[in-house]
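A.B. asks: Pasting the sequence and the predicted model now:
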Amino acid sequence: MQPAAPQHVGVIGLGHMGAPMAVNLARAGYAVAGWSRTPRSLSGPASLRTTTDLADLRGCDTLVCLLPELAHLEALLEDGSLLAPGHATTALVVMSTCSPVDVVALAERLGPQVEVVDAPVSGGAQGAQEARLSIMCGCTPEQLERLRPMLEALGRTVRHLGPVGAGSVAKAANQLVVAATMEALAEATLLAERHGLDRAQLLEVLGGGLAASELLRQRGPALSSDDFTPTAAARLFVKDLRYAAEAAGDLRLPVRDAVAAQFDRTVALGLGEQDMAVLLQTLRHSPERP
């Protein structure tokens, strides 16, 4: 018997992405229980509640994971609180950025007990707030159709890309593009700064031409003001770009290698907790060309 479409959804992780996504699911009519290690209070419909007790999620037919790394979810599963005997969960939707290899291994380990759907997202915290994420799905077509109404409450673009693991490969490709674009925008900003141009004006001009992008729209203010308050911490791209290398196998990805070195340097400079736009500051610390 196939699982029914989700009605009770547990959201694991209420950070920059998880919190607004939990609110949007409740607004779409789902009964939502949001879990975080520390007490959180979210403003939303009465169908939304928060908890610090994993056992409160056992009545959810669908669990959505938005923890920063799959290892964090693995630790919760090992504890036995989530999928204890008598749990109602039939689907675990992993929407974090994670290793394609590891998410396949998780799906194989949980087996028929729980269906694992690989569905990472792109769009950042702003996209999560506005329910306009792009969702990359690795699962069976039947699994996606059952989950589609729930996913469409979170994003405008929901695509089936293949079996479990395919979503994470797509997300690795996405993060490669985002990281490379962020580095290019930071370099362009530094170039303008060196020549005395107004940074905000330059970025506005770029946004009106072929260089326009969603990343420029979202991160332009940070680059023009040096406000690197994190919505996507730079350190997270170290692992994301590692996943891209893992997915590449013996393929050579020279842009990935160069940008990964920049994020490694950002962390080494002690800037890893700041927003990824802090690459601009990393460039300022770079030695002059000989």
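C.D. replies: On my side now, so go ahead.
A.B. asks: pull the longest strand from the protein.
C.D. replies: strand 155-162 (DSSP state E).
A.B. asks: any low-confidence regions in this protein?
C.D. replies: Across the chain, residues meeting the criterion (pLDDT under 70) sit at 1-4, 290.
A.B. asks: can you pull out the strands in it?
C.D. replies: Chain-ordered strands for the chain, with DSSP E as the definition, fall at 8-12, 31-35, 48-51, 62-65, 91-94, 115-118, 121-122, 133-138, 155-162.
A.B. asks: quick one, what contacts T140?
C.D. replies: If you count contacts by CB atoms under 8 Å, 6 or more residues apart in numbering, T140 has them with P163. To be clear about C-beta, it is placed using only N, CA and C from the backbone, and glycine gets the same treatment.
A.B. asks: And it, how close does it get to P100?
C.D. replies: T140 is 17 Å from P100, where distance means CB to CB, to the nearest Å.
A.B. asks: before we move on, what about D227?
C.D. replies: Here the criterion is CB to CB. By it, D227 lies 34 Å from P100.
A.B. asks: One more: C139?
C.D. replies: The gap separating C139 from P100 is 13 Å, by CB to CB.
A.B. asks: Which of these two has more residues huddled nearby?
C.D. replies: C139 (26 against 23; other CB atoms under 10 Å).
A.B. asks: Which residue, other than its chain neighbours, is closest to the more buried one?
C.D. replies: Once flanking residues are discounted, C139 sits nearest to V117: 4.3 Å by CB to CB, 6 or more residues apart in numbering.
A.B. asks: just A19 next, same as before
C.D. replies: In space, A19 is closest to L42, 5.9 Å off (CB to CB, 6+ apart).
A.B. asks: same question, D56
C.D. replies: Using CB to CB, 6+ apart and skipping residues adjacent in sequence, the residue nearest D56 is A33, 5.6 Å away.
A.B. asks: Near the one you found, how many other residues are there?
C.D. replies: Other residues near A33 come to 24 when the count uses other CB under 10 Å.
A.B. asks: which residues does it contact?
C.D. replies: With contacts taken as CB under 8 Å, 6+ apart, A33 has the following neighbours: H8, V9, G10, V11, R49, T50, T51, D56, L57, G59, C60.
A.B. asks: Please repeat the previous calculation with a cut-off of 7 Å.
C.D. replies: Residues counted as contacts of A33 (CB atoms under 7 Å, 6 or more residues apart in numbering) are G10, R49, T51, D56, L57, C60.
A.B. asks: hmm, back to that, would you mind measuring from the residue nearest to C139 to V9?
C.D. replies: For V117, the distance to V9 under the criterion CB to CB works out to 13 Å.
A.B. asks: Kindly report the same for A179.
C.D. replies: Separation of A179 from V9 (CB to CB) stands at 31 Å.
A.B. asks: In contact with G124, which residues?
C.D. replies: G124 is in contact with Q218, T231, A232, counting by CB under 7 Å, 6+ apart.
A.B. asks: To what extent is the nearest residue to V121 once chain neighbours are set aside buried, counted in neighbours?
C.D. replies: Ranked by CB to CB, 6+ apart and with sequence neighbours excluded, the top spatial neighbour of V121 is L133, at 4.4 Å. Other residues within reach of L133 by the criterion other CB under 10 Å amount to 27.
A.B. asks: Pull the contacting residues for L133.
C.D. replies: V121, S122, G123, G127, L154, G155.
A.B. asks: give me the beta-bridge partners of it?
C.D. replies: As for beta bridges, L133 partners with G155 under DSSP bridges.
A.B. asks: how near is it to A166?
C.D. replies: From L133 over to A166 the distance is 17 Å, taken as CB to CB.
A.B. asks: got a list of contacts for stretch 195-215?
C.D. replies: By CB under 7 Å, 6+ apart, the surrounding residues in contact with stretch 195-215 are 178, 181-182, 185, 188-189, 192-193, 216-217, 220, 223-224.
A.B. asks: Need these in TSV (columns: distance to L283 and neighbour count).
C.D. replies: What follows is the contacts of stretch 195-215, written out as TSV (distance: CB to CB, whole Å; neighbours: other CB atoms under 10 Å):
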residue	distance to L283	neighbour count
V178	17	21
T181	15	17
M182	11	27
L185	11	23
A188	10	18
T189	9	26
A192	12	20
E193	10	17
L216	17	19
R217	21	12
G220	16	21
L223	11	26
S224	15	20
